[in-house]
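Peer 1: sequence and predicted structure below; questions after.
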Amino acid sequence: MINFLKPPPPKDLLPQEKIDSEYKKMRLKVFLGAFLGYAGYYLVRKNLALAIPGMIQPVASGGLGYTKLELGTALSAVSIAYAFSKFLMGAVSDRSDVRKFLVIGLILSALLMMSVGLFSFATSSVAIIFVFMLIIGWLSGMGWPPCGRVMVHWFSHNERSFKMSIWNTSHTFGSGLMGNLAAVGTVLIGGFFLVDIGGGVIVDQSWRAVFVFPSAIALIIAVFCWWALRDTPQSCGLPPIDQYRNDVTASKEMSSDAKIPLSELFVKYIFKNKILWLIALANIFVYLVRYGIGDWSPTYCQESGLLTSAQSKMAFSLHNYAGIPGTIVCGLISSKLFKGRCAPANVIYMLLVVVFIVLYWKAAPVASFLAETFSRDLVSTQVAVVYSALIGIGFFIYGPVALIGVQAVNLVPKNAAGTAAGFVGLFGYLVGDALLSKIVIGAVADNVHLGWGAAFWIFIIGSILAAVFSATTWKREKAAFALNK
């Protein structure tokens, strides 16, 4: 298997007159492959979050009767496994052909997620759901690292923060598309999921379509990625990107394509990298807010009576789609205003996230005030306020998500990029996502004495802490990214 994944060897350099045109063509292809490939992974990762409102319903109503804490714990399995997988698979991906690595992971993830919806045994207990999500989470770790490898090998340092910001919208695009595909799939194939619960009683479990339909689309995307992706410019007969764009960092080792021994990779470039630790701590709280708001939005909005089931799926999609322009604007701010530094933009964005979290929390009284003041329909006003709040949170939270990844890959040599990104992701997914946003928020929301109000205070404090930890990297990042002029 290791030999199968081995990167292709360099080819003889193409004639000089063909290099420019071939480089432009291949950069577009690999970018599209990485963009759609990573988006595809998000079609088979957050399906359970959208299925939870249906699954917590009583058995007689077509649900499974599980609690939010039980399913939140099951949902955390994706993040727990992904946290370790992204880190460890990062080291493997730095030594693998990105095309094979990404496509294999996507196909296996899609088939497993589809099986959760198709086979009743896969949802017969929370423990079994947890195991399925654990395996899917591990396979999901085969998505970001090869894409990070694509970005550092095909795009040079002074263009990378902006280009990676555009690429990083792939996960917001994928998450938003998953919400839309879940809604479409429920309509198109939901009627096939009629289950006999005994006594001749047939119930509708159309929520199973949320697992099946997006997974089928992910398989189609995997075929496209096989056509589009290539490992490195050298494997296509092209010179390294730093030479092609004449963009070499002051540190020669940061531009080196040399294979790094594992001991040196983990000790020198990861564990002893102090600024990488600070970024990882900031990532914990960014991910707490990112997934705590996004994954629980369908459940919170329906339980609180703010939105219907269909409206909550739309809100989920709008929240994620808003991250696309938000991430691009954040990348522009970082690239143009702060000369490639990410910390200042991260601080600004996380403080603005707080404003929209408060609006989301207080959507009902705000809608009541606006409806009364402007003589508007209360229900439609409330929907508009919730949509606006989630769009605002999505716009501002995904910028820091993207730039923290950019910071990580910019702090190490190119052949350590996947490992650095995985290290930072380990903290974000294991602590911020799995522990805090899934288990803690699920337990707090279930508690009659705490409830959603306490959960929102956690989101607010988390946003402020993310800004504080990002601020600690402000000056150190400036020194680390000095370039030859």
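Peer 2: Good, I have the coordinates. Numbers count the residues shown, from 1 in each chain.
Peer 1: mind listing the strands for the protein?
Peer 2: Assigned by DSSP state E, the chain shows strands spanning 194-196, 202-204.
Peer 1: how close does the residue nearest to residue 67 when sequence neighbours are not counted get to residue 296?
Peer 2: In this structure, residue 67 finds its nearest non-sequential neighbour in residue 446, 6.3 Å apart by CB to CB, 6 or more residues apart in numbering. Every C-beta, even on glycine, is put in place using the N, C-alpha and C of the backbone. Relative to residue 296, residue 446 is positioned 11 Å away (CB to CB, to the nearest Å).
Peer 1: which of the two has more neighbours?
Peer 2: Neighbour comparison, residue 446 and residue 296: the larger count goes to residue 296, with 24 against 14 (by other CB atoms under 10 Å).
Peer 1: which residue packs closest to the more buried one, ignoring adjacent ones?
Peer 2: Residue 296 sits nearest to residue 441 (CB to CB, 6+ apart), 6.1 Å away.
Peer 1: would you agree residue 298 is in contact with residue 55?
Peer 2: No - if you go by CB atoms under 8 Å, residue 298 and residue 55 don't touch, sitting 11.3 Å apart.
Peer 1: residue 424: how many residues sit nearby?
Peer 2: Residue 424: 28 neighbours (other CB under 10 Å).
Peer 1: picking that back up, what sits against the residue nearest to residue 296?
Peer 2: 72, 292, 296, 455, 458 (CB atoms under 8 Å, 6 or more residues apart in numbering).
Peer 1: go with 10 Å
Peer 2: 68-69, 72, 288, 291-293, 295-296, 300, 435, 452, 454-456, 458-459 (CB atoms under 10 Å, 6 or more residues apart in numbering).
Peer 1: one more: residue 460?
Peer 2: Residue 460 neighbours (CB under 10 Å, 6+ apart): 289, 353, 354, 357, 358, 361.
Peer 1: returning to what we had before: need the residues touching each of residue 298 and residue 55.
Peer 2: With CB under 10 Å, 6+ apart as the test, residue 298 and residue 55 reach no residue in common.
Peer 1: backbone dihedrals for residue 67, please?
Peer 2: phi -90, psi 170 (degrees, to the nearest 10).
Peer 1: and what of residue 237?
Peer 2: phi 80, psi 30.
Peer 1: ok, it to residue 11 distance?
Peer 2: 4 Å.
Peer 1: ok, now residue 224?
Peer 2: 23 Å.
Peer 1: and those two? Which one has more around it.
Peer 2: residue 224 (15 against 12).
Peer 1: quick one, what contacts the more buried one?
Peer 2: Applying CB under 10 Å, 6+ apart, the residues contacting residue 224 are 32, 33, 36, 37, 40, 103.
Peer 1: ditto for residue 51
Peer 2: Here residue 51 is in contact with 63-64, 71, 75, 116-117, 123, 129, 182, 186, 205-211, 298 (criterion: CB under 10 Å, 6+ apart).
Peer 1: ok, 6 Å please
Peer 2: 207, 210 (CB atoms under 6 Å, 6 or more residues apart in numbering).
Peer 1: make 54 the starting number, not 1.
Peer 2: Shifting the count to begin at 54 puts that one at residue 104.
Peer 1: contact partners of stretch 369-382?
Peer 2: So stretch 369-382 is contacted by 218-219, 221-222, 225, 228-229, 232-233, 347, 350-351, 440, 443-444, 447-449, 451-452, 455 (CB under 6 Å, 6+ apart).
Peer 1: quote the end-to-end distance of it.
Peer 2: Stretch 369-382 has an end-to-end distance of 21 Å (criterion: CA to CA, to the nearest Å).
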